[in-house]
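What shape does this take:
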Amino acid sequence: MQVRIRIPFRNRLSLSLADGQRQTEFAMPTATTTDDPPSIPKRAALGGSSAVALGILLSRIVGFLRESVIAHYFGGVSVYADALRSAIRIPNLLSNLFGEGVLSAAFVTVYAKLRAKGEDQEAEHLAEAIFGILFLVCAVLVLLGITATPLFIDAIVPGFHPGDQRRILAIRLVRILFPATGLLVMSAWCLGVLNSHRKFLLSYLAPVALSLAVILVTVAAGQSVSNERLLADVAWGWVLGALSQFLVQLPKVLAILPGFRPRLDYQSENVRTVLRNFGPVFLSRGVVQISGYIDTMIASELTVGSLSVLVCGQFISILPVSLFSMSVAAAELPALSSATGSEEEIATYLRGRLSAGLRRIAFFIIPSAVAFLLLGDIIAAAIYQSGKFHRSDVELVWAVLAGSAVGLLATSLGRLYSSAFYALLDTKTPLRFATIRVVLTAVLGLICALWLPQWLGLSQKWGVAGLTASAGIAGWVEFALLRHALAERIGKTPLAPSFTIRLWSVAISAAALAYFIKLGVGVDHPRLLACLALPIYGALYFAGTAALGIDESRTTIESLTRRLGIEI
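Down below sits the predicted model:
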């Protein structure tokens, strides 16, 4: 093997289907598939998803630092932690409903298709109209939210009974936090515009601004004020961070739309198309969000701290979904939506993109699921164990992560299937299946969280793990329905069983070796243990998959070394 260092090009040029803009070369691997149209270079498919993944990774790293700081001051199992986690979650319901996922599915699909046809002026008009409509809707919702905060508390966290200190604190915090909801929705509009122009990195880096604001405010006030006052300061830091997240993207958006002028226009056919799509997508994404809030409602009925532990675990478990599933789905959606030609040509194109995307997602999600199951305590301790967050809290978070591992792969692959339906302008099919998932999540969640621990003779606090496991089972049902329905539309896009079996085998073997490292080192130094065990786990996984001839391993290593300027 010969190793030499070279000065890398800052970027390489690669063709983009819609607008031929420049893409970054750092990329997750793509599978070789005979369904890929020869006219679409692989590098074009990779550039967008890797830029999204890089932005999400960096923002999540700072987000983990933010969560670590919050955990240090408020702990895991405490009244203050429960109040803060529930307060942050309630206004986020609206920002998630109106934000990135809905705008991508309803707005980006139409906007990208206009640009693919060369109708740039009409595309800009659409962006202006959607901005004006969103601004008006957000203003109304924020005012209603501040006014109706007690009702939100009673609906979302019914376990916070009148007179409960957690309820009193949560009401105060939600009223501070609600303005951040509107700012985050407008930030998602910026993301939609930038994504449509294949400029992914900035919009996915923007949440760093929010996390940094919260960190700075928390550390600055944490040593000198009471817990109640610190909670309020953290909430104001959240609002300041949401404003920063919007403003950091705005100049780039205005450069793309130089004649930008917000307007309220309901008459344009393209605007009406977005609004028609918005309803089913809103409901589809909404029922998925409702699934998460059902978990919140049930957790509030468990022991004190269960809600905080649930949120801490879910914050970790969403990382691989965001990094490896959402990144691929977000980058693929504009390309999928830009497909033109006959029905068979579009179907062939979609199969090629989906097959490659599914392999990329599975390659990274399977080892993530195994890590949550076998090494979840190492991960949780490295992030949270500090100050008032104790080892016993870490073990509860590990239980949440182990439950999340049940449906992690299904949830991740399902996102890409949903994006394919949105690209086909079919928003109703994902809605039907998401509704089924929510109903199953609610029923199974009640059984697994409230009754199953009693049947097994366990403490009620372990019911929080049942919530994430039951959601995973429901996720597999939704995934099976999505895959079957899409196969009837465009043909099958399966993952080969031999491919996934090899991934599971290597991941489990690598995790077992990392687990023995934990037994040798002990758990008294959580961050040192994480620095030893997790990199070894990752290295063993890549080495094992490369030895088995899995292309995704080789191309990932090549792209990373190329990015670092190393040729092997």
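
quick one: residue 491 and residue 347 touch, right?
Yes: with contact defined as CB atoms under 8 Å, residue 491 counts as touching residue 347 (6.1 Å). No exception for glycine: its C-beta is placed from N, CA and C like everyone else's.

More neighbours: which of those two?
A direct count of neighbours by other CB atoms under 10 Å for residue 491 and residue 347 places residue 347 higher, at 17 against 14.

So what's the gap between the helix or strand containing that one and the chain middle?
Take DSSP states H and E as the rule and residue 347 turns out to sit in helix 343-384. Relative to its chain's centre, helix 343-384 lies at 12 Å (CA atoms, centre = their mean, to the nearest Å).

Any regions of this protein where pLDDT drops low?
Applying pLDDT under 70 to the chain picks out residues 1-49, 91, 94, 96-105, 281-289, 327, 329-342, 561-568.

Nearest to the spatial middle of this protein, which residue is it?
The residue lying closest to the centre of the chain (CA atoms, centre = their mean) is residue 322, at 3.3 Å.

what's that one in contact with, if anything?
By CB atoms under 8 Å, 6 or more residues apart in numbering, residue 322 lies in contact with 56, 60.

Just confirm it is within a strand.
No: per DSSP: H, G, I helix; E, B strand; the rest coil, residue 322 lies outside any strand segment and is helix.

circling back to that earlier point, next, the angle helix 343-384 makes with whichever helix or strand comes after the helix holding residue 347.
The element immediately downstream of helix 343-384 (helix or strand, assigned by DSSP H and E) is helix 391-405. Interaxial angle of helix 391-405 relative to helix 343-384 (axes from the mean of the first three to the mean of the last three CA atoms, to 10 degrees): 170 degrees.

Show me what helix 391-405 is packed against.
helix 306-320, helix 343-384, helix 463-490 (3 or more CB pairs under 8 Å, 6 or more residues apart in numbering; DSSP states H and E).

Figure out how far the helix or strand that comes right after it is from the centre of its chain.
Sequence-wise, the next helix or strand downstream of helix 391-405 (DSSP H and E) is helix 408-423. How far helix 408-423 lies from its chain's middle: 12 Å, per CA atoms, centre = their mean.

for stretch 413-432, same thing?
In terms of CA atoms, centre = their mean, the gap separating the centre of stretch 413-432 from the centre of its chain is 17 Å.

Ramachandran coordinates for residue 494?
When read as degrees, to the nearest 10, the backbone of residue 494 gives phi -80, psi 160.

residues contacting the nearest residue to it once chain neighbours are set aside?
Spatial nearest neighbour of residue 494, excluding adjacent residues (CB to CB, 6 or more residues apart in numbering): residue 483 at 7.9 Å. Counting by CB under 8 Å, 6+ apart, residue 483 touches 413, 417, 493, 494.

Just put those in a markdown table and tack on neighbour count.
Formatted as a markdown table, the contacts of residue 483 follow (neighbours: other CB atoms under 10 Å):
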| residue | neighbour count |
| --- | --- |
| 413 | 24 |
| 417 | 25 |
| 493 | 22 |
| 494 | 10 |
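
who touches residue 110 in this structure?
126, 270, 273, 274, 277 are the contacts of residue 110 under CB under 8 Å, 6+ apart.

excluding its backbone neighbours, what's nearest residue 227?
Counting by CB to CB, 6+ apart, the residue nearest residue 227 is residue 80, at 5.0 Å.

was I right about the one you found contacting residue 173?
No: at 10.3 Å, residue 80 does not count as touching residue 173 under the criterion of CB under 8 Å.

so what sits against both of the two?
With CB under 8 Å, 6+ apart, residue 80 and residue 173 have common neighbours residue 231.

Settle it for me: which of these two has more neighbours?
Neighbours were counted for residue 80 and for residue 173 using other CB under 10 Å; residue 173 has more, 24 against 20.

Report how many residues lie close to residue 269.
Counted with other CB under 10 Å, residue 269 comes out at 9.

From residue 84, how far out is it?
Relative to residue 84, residue 269 is positioned 45 Å away (CB to CB, to the nearest Å).

Then residue 551?
45 Å.

Then residue 363?
Distance from residue 363 to residue 84, by CB to CB: 36 Å.

Also residue 370?
For residue 370 relative to residue 84 (CB to CB), the value is 31 Å.

Those two: who's more crowded?
Higher neighbour count among residue 370 and residue 84: residue 84, with 27 against 24, using other CB under 10 Å.

For that one, list the residues it contacts.
Contacts of residue 84 (CB under 8 Å, 6+ apart): 70, 74, 169, 173, 231, 234, 308.

and what of residue 379?
Contacts of residue 379 by CB under 8 Å, 6+ apart are 316, 371, 372, 401, 530, 534.

Can I get the helix or strand that contains residue 87 as CSV, trimmed to CA atoms?
Element membership for residue 87 (DSSP H and E) is helix 79-98. These are the backbone C-alpha positions of helix 79-98, laid out as CSV (Å, rounded to 0.1, in the frame of the first residue of the first chain):
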residue,chain,number,x,y,z
VAL,A,79,-38.9,18.0,38.4
TYR,A,80,-36.9,20.6,36.6
ALA,A,81,-35.7,18.3,33.8
ASP,A,82,-39.3,17.1,33.2
ALA,A,83,-40.6,20.6,33.1
LEU,A,84,-38.0,21.8,30.6
ARG,A,85,-38.2,18.8,28.3
SER,A,86,-42.0,19.0,28.1
ALA,A,87,-41.9,22.7,27.6
ILE,A,88,-39.5,22.5,24.7
ARG,A,89,-41.5,19.7,23.2
ILE,A,90,-44.9,21.4,23.1
PRO,A,91,-44.1,24.4,20.8
ASN,A,92,-41.9,22.1,18.8
LEU,A,93,-45.0,20.2,17.8
LEU,A,94,-46.2,23.1,15.7
SER,A,95,-42.7,23.8,14.2
ASN,A,96,-42.4,20.2,13.3
LEU,A,97,-45.8,20.1,11.8
PHE,A,98,-45.3,23.2,9.7
